[in-house]
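Asks: after the sequence you'll find the predicted model.
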Amino acid sequence: MSAPTAGLVLEGIDFAYGGARALNGVSLSVPPASIVALLGSNGAGKSTTAKVIAGALRPVRGTIVFDGQSIAGLPSHQVMRRGVVLVPEGRLVFAQMTIQDNLMMGAYKENRRSRVAALLEQNYTTFPRLKERRHQLAGSLSGGEQQMLAIARGLMAEPRLLVLDEPSLGIMPKLVQEIFVLIRRIVDNGMSILLIEQNARASLELAGYAYVLEKGQIILQGEGRQLLADEFVQNAYLGTDT
């Protein structure tokens, strides 16, 4: 897979927590209007990669370019303004705020009121369940509904690349399927998604391209459906999928 001229490109990213190396020469790319999956076991460095991309962590070395501009080392709010938004593992909604107030927290402060209203309406069209409950406290939602709220809050920032960290974690299977259908719909509308998931089978069926991360290094990459047939992937990640 050749590096795209647009989209996201990571080259040789290193990161360490104290003296412990967490990422070692990670390189990957996410072309425009595509789904790219990042697979790996617990502790492989998936969430660290997501946080480095989003500006929550600063890499020790390496480059991160998005749509032709370097974003490596920028603080997260500047990365967001460049069009890259992270929906973190665990959803992290504001439990004591209403659904609508949570969505408002995702909008740019400098957006005009009319634009924010339009973004709210777009999200309520995409997530009708949230519209029905928009005055309800976010903490009263189920895990799957909170994940939908977290994704919708990310979309309020009008990203061109959405980094989804474990969106299916702890969610009942029926809602997992809804979320994966939603991910496909988002990309069909022109956005890119870096999908970080332990649900390897669903991710590889959905993604056009995928990377496997182990112990902070990319050890395997290829088209999503090709990796479904890879013996290592089958043994390491598909045996326990449900």
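Replies: Perfect, thanks for sending it. Residues are numbered from 1 along each chain as shown.

Asks: list the contacts for residue 149?
Replies: 91, 93, 99, 102-103, 127, 130, 138, 141 (CB atoms under 8 Å, 6 or more residues apart in numbering). In this view, the C-beta of every residue, glycine as well, is placed from N, C-alpha and C.

Asks: among these, which are located in strands?
Replies: Cross-referencing the contacts of residue 149 against strands under DSSP state E gives no overlap.

Asks: top of those by neighbour count?
Replies: residue 99 (30 neighbours; other CB atoms under 10 Å).

Asks: coming back round to it: residue 210: which of the contacts of residue 149 is nearest?
Replies: Checking the contacts of residue 149 against residue 210 with CB to CB, the nearest one is residue 91 at 23.4 Å.

Asks: hmm, which of the contacts of residue 149 is lowest in pLDDT?
Replies: Within these, residue 91 has the lowest pLDDT, namely 67.

Asks: average pLDDT across stretch 192-212?
Replies: Stretch 192-212 comes out at a mean pLDDT of 92.

Asks: how distant is that stretch from the center of its chain?
Replies: 10 Å (CA atoms, centre = their mean, to the nearest Å).

Asks: export only the CA atoms of it, formatted as PDB.
Replies: This file holds the C-alpha atoms of stretch 192-212, laid out as PDB (Å, rounded to 0.1, in the frame of the first residue of the first chain):
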ATOM      1  CA  SER A 192     -12.000   8.600   6.900                       C
ATOM      2  CA  ILE A 193     -11.900   6.300  10.000                       C
ATOM      3  CA  LEU A 194      -9.000   4.600  11.800                       C
ATOM      4  CA  LEU A 195     -10.700   1.800  13.600                       C
ATOM      5  CA  ILE A 196      -8.900   0.400  16.600                       C
ATOM      6  CA  GLU A 197     -10.700  -2.800  17.600                       C
ATOM      7  CA  GLN A 198     -10.400  -6.100  19.400                       C
ATOM      8  CA  ASN A 199     -13.300  -7.400  17.300                       C
ATOM      9  CA  ALA A 200     -11.000  -8.500  14.600                       C
ATOM     10  CA  ARG A 201     -13.400 -10.300  12.400                       C
ATOM     11  CA  ALA A 202     -15.900  -7.500  12.100                       C
ATOM     12  CA  SER A 203     -13.100  -4.900  11.700                       C
ATOM     13  CA  LEU A 204     -11.400  -6.900   8.800                       C
ATOM     14  CA  GLU A 205     -14.700  -7.400   7.100                       C
ATOM     15  CA  LEU A 206     -15.300  -3.700   7.200                       C
ATOM     16  CA  ALA A 207     -11.800  -2.200   6.600                       C
ATOM     17  CA  GLY A 208     -10.300  -1.800   3.200                       C
ATOM     18  CA  TYR A 209      -6.800  -2.100   4.700                       C
ATOM     19  CA  ALA A 210      -5.500  -3.200   8.100                       C
ATOM     20  CA  TYR A 211      -2.400  -3.300  10.300                       C
ATOM     21  CA  VAL A 212      -1.500  -5.600  13.100                       C
END
